[in-house]
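K.L.:
Sequence and predicted model, in that order:
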Amino acid sequence: MQGYLKPSIQEALESFTVFTKSLTIPSILGITKPVDITFAVQPTTIEIDYAGMKVGLGASVVAENGLPAGATAPPGSLARQDCLGAGSDDFYLPTTAPLALAIHDDLLNQLLFGAFYGGVLHLDIPGSVIADKLGLDGVKVDTISIRPLLPPVITSCPSPGHLTVQLGDFGVAASLELNGKAGAIEGTIYASADVTIKAVQGSSGALELGLSVDKLDTFAFKVTDATGALDGSESVIELLFREVAKSLVGDAVGGGFLKSFPVPTIDISSFASGLPSLSLGFAPESVSIDSGFTVIVGAPTN
């Protein structure tokens, strides 16, 4: 059977060039325009033995340039590599579940880069959104402009077995009134937060993957210019920048385009001509982090 099946499946996969799936990143806070992102997937390796079949997939993420005029982007998303010399353990795909899927950190970072490149993270936030969270009397905030200099990064390097999302550096410019006196500020912020990917029930009732922000565990800022009422008002500046960082992590990341997303259903018949009509879905049951991979195990659906 192996001698018959392997050449047949190999031939089918070789004739399958690229499988694409589109995903729309919704507007954040009702401010930004939705961004369309396309996944391109192509089989690269196949292994068949008595335990089952393992298929390696090369994947990429593509988005149209939606950056504001004058904004620049790095040449691409960051690669995980070896965690700054710490090394990475060999990864083995679990074989105890009927179906297992391993997503490398690099693919998640391509998704984040696509969101950045599409302009969804360049925000002009109404000041009232932040001012209400500050809880300070006599403070009136005008529009706060967010201009990320780099895309966010998801990594498991700082805490093996756990995911962290890092934001930095994000340029911030804001003007406000403090006790009737005008002030303006410019600076950069950096923040990181622990995040968890887990199986959740989507709006359609089907199981999906969801990302929750657990806590903001790192926060730093640098003021490049402060005038008027904000000149020397370090405590107000820190409160303002911290709330901006929390909104970016919580509202833009955890409550925005990574809050919940379906596991794509693959039409097997689209791989090559002559294959029967069959859709392969995936009902996720558990999620873990291992050696730079997000590992999802579950049961197949069709």
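P.N.:
Good, I have the coordinates.
K.L.:
could you pull out the helices for the stretch 151-300 of the chain?
P.N.:
Chain-ordered helices for the stretch 151-300 of the chain, with DSSP state H, counting those that start in this stretch as the definition, fall at 234-247.
K.L.:
Could you list the low-pLDDT ranges of the chain?
P.N.:
1-19, 29-30, 85-89, 136, 202-207, 250-280, 302 (pLDDT under 70).
K.L.:
what ranges do the strands span in it?
P.N.:
Using DSSP state E, the strands of the chain run over residues 19-25, 35-49, 52-63, 99-104, 123-125, 139-148, 153-155, 163-178, 181-201, 207-228, 260-261, 266-267, 279-290, 293-301.
K.L.:
can you put those strands in JSON lines and add distance to residue 110 and mean neighbour count?
P.N.:
C-beta: built from backbone N, CA, C; applies to glycine. What follows is those, written out as JSON lines (distance: least, CB to CB, whole Å; neighbours: other CB atoms under 10 Å):
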{"stretch": "strand 19-25", "distance to residue 110": "12", "mean neighbour count": "14"}
{"stretch": "strand 35-49", "distance to residue 110": "9", "mean neighbour count": "15"}
{"stretch": "strand 52-63", "distance to residue 110": "4", "mean neighbour count": "14"}
{"stretch": "strand 99-104", "distance to residue 110": "10", "mean neighbour count": "18"}
{"stretch": "strand 123-125", "distance to residue 110": "21", "mean neighbour count": "19"}
{"stretch": "strand 139-148", "distance to residue 110": "16", "mean neighbour count": "19"}
{"stretch": "strand 153-155", "distance to residue 110": "10", "mean neighbour count": "21"}
{"stretch": "strand 163-178", "distance to residue 110": "14", "mean neighbour count": "20"}
{"stretch": "strand 181-201", "distance to residue 110": "16", "mean neighbour count": "18"}
{"stretch": "strand 207-228", "distance to residue 110": "16", "mean neighbour count": "16"}
{"stretch": "strand 260-261", "distance to residue 110": "14", "mean neighbour count": "16"}
{"stretch": "strand 266-267", "distance to residue 110": "19", "mean neighbour count": "14"}
{"stretch": "strand 279-290", "distance to residue 110": "18", "mean neighbour count": "16"}
{"stretch": "strand 293-301", "distance to residue 110": "13", "mean neighbour count": "18"}
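K.L.:
Export those strands as TSV, with columns for distance to residue 72.
P.N.:
Formatted as TSV, the strands of the chain follow (distance: least, CB to CB, whole Å):
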stretch	distance to residue 72
strand 19-25	21
strand 35-49	18
strand 52-63	16
strand 99-104	27
strand 123-125	17
strand 139-148	11
strand 153-155	18
strand 163-178	12
strand 181-201	15
strand 207-228	18
strand 260-261	28
strand 266-267	36
strand 279-290	32
strand 293-301	30
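K.L.:
Indicate which one of the ones you listed is closest to residue 92.
P.N.:
With CB to CB as the measure, strand 279-290 is the member of the strands of the chain nearest residue 92 (8.4 Å).
K.L.:
got the angle for the closest one vs strand 99-104?
P.N.:
Strand 279-290 and strand 99-104 are oriented at 60 degrees to each other (axes from the mean of the first three to the mean of the last three CA atoms, to 10 degrees).
K.L.:
Can you tell me which helices and strands strand 279-290 packs against?
P.N.:
strand 99-104, strand 181-201, strand 207-228, strand 266-267, strand 293-301 (3 or more CB pairs under 8 Å, 6 or more residues apart in numbering; DSSP states H and E).
K.L.:
Any chance of a markdown table for the ones you listed, columns distance to residue 155?
P.N.:
Output for the helices and strands packed on strand 279-290, formatted as a markdown table (distance: least, CB to CB, whole Å):
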| stretch | distance to residue 155 |
| --- | --- |
| strand 99-104 | 11 |
| strand 181-201 | 9 |
| strand 207-228 | 13 |
| strand 266-267 | 28 |
| strand 293-301 | 11 |
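K.L.:
Spit out the contact partners of the closest residue in space to residue 96 that isn't next to it in sequence.
P.N.:
Distances taken as CB to CB, 6 or more residues apart in numbering put residue 297 closest to residue 96, at 7.7 Å, once the chain neighbours are dropped. By CB atoms under 8 Å, 6 or more residues apart in numbering, the contact set of residue 297 is 94, 96-97, 99-101, 284-286.
K.L.:
Looking at these, which two lie furthest apart in space?
P.N.:
Spatial extent of these (CB to CB) is set by the pair 96 and 284 at 14.9 Å.
K.L.:
Across the sheet, point out what pairs with the nearest residue to residue 107 once chain neighbours are set aside.
P.N.:
Closest residue to residue 107 apart from its sequence neighbours, by CB to CB, 6+ apart: residue 59 at 5.5 Å. Note on residue 59: beta-bridge partners by DSSP bridges are residue 41.
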